[in-house]
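Trainee: structure of the sequence below:
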Amino acid sequence: LDGCQSAFALERAREWAAVLSAWALPQPQLSLFTGRCRVHRAELLQLSGTWQAALEEADTVSADPRAGQHERGAAGYQRAEVHRLRGEFREAEAAYKLAHECGVEPHPGLALLWLAQGRVNEAWAAVCRVLATTGPPLARARVLPAAIEIGLARGSMAEAAADVAELAGIAAAFPSSMLRTLAEEGRGLLALAEGAAGESLSPLRAAQDGWSELGAPYLAARLRASIGTALAALGD
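Mentor: Sure, this is the predicted structure:
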């Protein structure tokens, strides 16, 4: 399951989560394993749009006295992600802080929270720091989408274009539906930000279709909003 998550193999991660949960969760002696499993389940539930269930799954890990520090931190990060998406910024910030105190990197989620709060320069500095200290391509792919979003919001077009190109290269080197979708999304958002609304439509629609096929309704909805912006710019 860890390997599937690291490789952006979302479909396989869901299959393994179902199998491992059925086997491990009824066995309380596997406390550390079930903690890790629940954290992964929380991430998958979040992507699937069942945010309350994702919160409850993460809270189960946080409340378990047998869970390790890293498991509690990872659960805190997942809880923070749901709060951020729901606009509950105070709760999100507290959960990111808990994750950090447990040794879990709070970015890029915390940087995206700062972006939503209008703290664009702080968000940019944070995401650039994380990228500068992250080497493996798949690990960088977890940060690049946030770097693109923040860079475009800041008007750092050259840096955002470089991040889009890097993400596309990683998607080409490591075949994955999720990586391909992220790369198309980056291409579309960059074109839209550069004023090329017509050129943005094809990658934006490909990304929307990708998220829909992957069962990620919130991310698909974000792309539909971007497509609407592009169509409005074209007078449609």
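Trainee: against which helices or strands is the helix or strand hosting Ala54 packed?
Mentor: For Ala54, the host element (DSSP states H and E) is helix 51-63. Contacting helix 51-63 under the criterion 3 or more Cβ pairs under 8 Å, 6 or more residues apart in numbering; DSSP states H and E are the following elements: helix 31-47, helix 69-85. C-betas here are computed from N, CA, C, even on glycine.
Trainee: do you know which of the ones you listed lies nearest Thr60?
Mentor: helix 31-47 (5.8 Å; Cβ to Cβ).
Trainee: could you tell me the angle between that closest one and helix 69-85?
Mentor: 10 degrees (axes from the mean of the first three to the mean of the last three Cα atoms, to 10 degrees).
Trainee: okay, the angle between helix 31-47 and helix 51-63?
Mentor: 160 degrees.
Trainee: and the helix holding Ala54, which residues are buried?
Mentor: Within helix 51-63, the residues that qualify as buried are 51, 54-55, 57-62, counting by 16 or more other Cβ atoms under 10 Å.
Trainee: nearest to Ala193, of those?
Mentor: Trp51 (27.8 Å).
Trainee: was I right about that closest one contacting Val82?
Mentor: Yes - applying Cβ atoms under 8 Å as the test, Trp51 and Val82 come out as touching, 4.8 Å apart.
Trainee: look up how far Asp236 lies from the residue nearest the centre of the chain.
Mentor: The centre of the chain sits closest to Arg142, judged by Cα atoms, centre = their mean, with a distance of 6.9 Å. According to Cβ to Cβ, to the nearest Å, Arg142 stands 35 Å off from Asp236.
Trainee: and for Thr134?
Mentor: Taking Cβ to Cβ, one finds Thr134 at 40 Å from Asp236.
Trainee: more neighbours: those two, which one.
Mentor: The neighbour count for Thr134 versus Asp236, taken as other Cβ atoms under 10 Å, is higher for Thr134 (17 against 9).
Trainee: touching, the more buried one and Leu144? I think so.
Mentor: No - between Thr134 and Leu144 there is no contact under Cβ under 8 Å: 9.6 Å.
Trainee: could you pull out the helices for the chain?
Mentor: Using DSSP state H, the helices of the chain run over 2-6, 10-24, 31-47, 51-63, 69-85, 89-101, 109-116, 120-132, 137-141, 144-154, 157-173, 177-193, 197-213, 217-233.
Trainee: let me have those in a markdown table, adding mean pLDDT as columns.
Mentor: As requested, those are arranged in a markdown table below (pLDDT from 0 to 100):
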| stretch | mean pLDDT |
| --- | --- |
| helix 2-6 | 63 |
| helix 10-24 | 64 |
| helix 31-47 | 77 |
| helix 51-63 | 90 |
| helix 69-85 | 94 |
| helix 89-101 | 97 |
| helix 109-116 | 98 |
| helix 120-132 | 98 |
| helix 137-141 | 94 |
| helix 144-154 | 98 |
| helix 157-173 | 97 |
| helix 177-193 | 97 |
| helix 197-213 | 97 |
| helix 217-233 | 97 |
